[in-house]
Structure formats: C-alpha cells, structure tokens
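In: everything below, folded, please.
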Amino acid sequence: MPIPASKLQLSRLQLDARLAASAPQPRASARELARESVQLERGASSEELLGEAWFYLGETGERQGPLETQELLELLLGGIVSTDTPVWSKGLGEWRQLHEVYALCEMAENVAPSAQEAWYYLDVEGAQQGPVLMDELQGMLQGGVVILETPVYSKSLGEWKRLSEAGLV
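Out: The predicted structure is shown next:
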C-alpha cells in the first residue's frame, strides 16, 4: 500500500539531517579526481586512449582484459571496478588507478546508470530500503511511494542524493 504523499513530506532540515546521517564516507566526484590526476607520460590524447584496449587488476591482483572503453565504464558503474582499481592501456605506459586517467573519469560522468543496477532509498522513517531496480524506483515515484526529495543511493552515484538529483527523472 503506497504511503500517502502528505506523510512523505520532510522538512528540508529533516532531509538534510537524514542524508548526512546515512551518507557513506565522502567520495570525490570523477571530475574532482580528474583534476588531481597525473599527466600522461607518453603524451597520448584522450581520444587515442579511449580507442585503446584496456586491462584492469581484479581484487586478487589478476589481470583482466582486454576490454573496450565502454566495457570498462560499465564495470565501473556496476561496481565491479572502482576508481581505485589499477588500469592499463598502451597509451598510459604504466598501471594507474582509474581516477588518475582523466579521459575515463570524464566519460564515466556521462554514462547513464545501468537499468540492472541496485538502488536503495530511505523511507519516511529514514530506514534504508532496497535493493530495487531503476524501473521499480521510477514506478514507485509514479505511485507516490517515493517523492523527488527521497534520498537514493547506488554504486554509480557513490553517495546518497535526492531522487531529483540522481538522473533518473
């Protein structure tokens, strides 16, 4: 049974407090991380890098790949690799953490979340609910179970945000 919209209305102060209390450790955005990234030693342009085969080191240190850029970004959005995962391509010349590769960070910000990604939300009492899929969350919005101010989380977001800021609507 959907929760009435009147009960879902939180004051901005209550919402900010719940967001702060439930937020995981702060994580810099891809753009912020890219600003701190090291310069490419071999002078490869971003466009050249994006056309190359990519490899990454798995959790146990095993080399994975080759992958196309889009495949690597999908693994990032799916939580298989993180911004701290070592990656390599011929243009880099050495293993770097993904957040050190400006071209990948820039592209990751422009990739839409996967429809199969797990999403979580906070109910009116502030309790975490989920996982739900993107289309389920959108259906909950249409049905009034969640509102645009509802805090949501997914691995691709990396932090709790209001549904209106999550790029789903």
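In: show me the helices in the protein, by range?
Out: In the chain, the helices defined using DSSP state H lie at 5-8, 12-22, 30-35, 46-50, 69-77, 102-109, 134-142.
In: helices or strands up against the fifth one?
Out: Other elements packing on helix 69-77 under the criterion 3 or more CB pairs under 8 Å, 6 or more residues apart in numbering; DSSP states H and E are strand 54-57, helix 102-109. C-betas here are computed from N, CA, C, even on glycine.
In: in TSV, list those along with distance to L168.
Out: TSV is the format used below for these (distance: least, CB to CB, whole Å):
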stretch	distance to L168
strand 54-57	27
helix 102-109	16
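In: closest one to V81 among these?
Out: When these are compared by CB to CB, strand 54-57 sits nearest V81, at 5.5 Å.
In: got the contact list for the closest one?
Out: By CB atoms under 8 Å, 6 or more residues apart in numbering, the surrounding residues in contact with strand 54-57 are 63-69, 71-72, 75, 81, 85-89, 95, 98.
In: one more time with 10 Å
Out: Strand 54-57 is contacted by residues 62-73, 75-76, 80-82, 85-92, 95, 98, 101, 104 when judged by CB atoms under 10 Å, 6 or more residues apart in numbering.
In: hey, C-alpha coordinates of it in CSV?
Out: C-alpha atoms of strand 54-57 as CSV (Å, rounded to 0.1, in the frame of the first residue of the first chain):
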residue,chain,number,x,y,z
TRP,A,54,42.1,-1.6,-21.5
PHE,A,55,43.2,-4.0,-18.8
TYR,A,56,42.5,-3.9,-15.1
LEU,A,57,43.7,-5.7,-12.0
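In: what's the average pLDDT for it?
Out: Per-residue pLDDT over strand 54-57 has a mean of 95.
In: direction included, what does that strand pair against?
Out: Note on strand 54-57: by DSSP bridges, its sheet partners are strand 63-67 (antiparallel), strand 86-88 (antiparallel).
In: need the contact list for L157.
Out: Shown in contact with L157 (CB under 10 Å, 6+ apart): R27, L77, P113, E117, W119, Y120, E165, A166, G167, L168.
In: wait, doesn't the second one sit right on M134?
Out: No. When contacts are counted by CB atoms under 10 Å, L77 is not listed as touching M134 (11.7 Å).
In: domain assignment for the protein?
Out: 5-25+114-165, 30-109 (automatic domain parsing).
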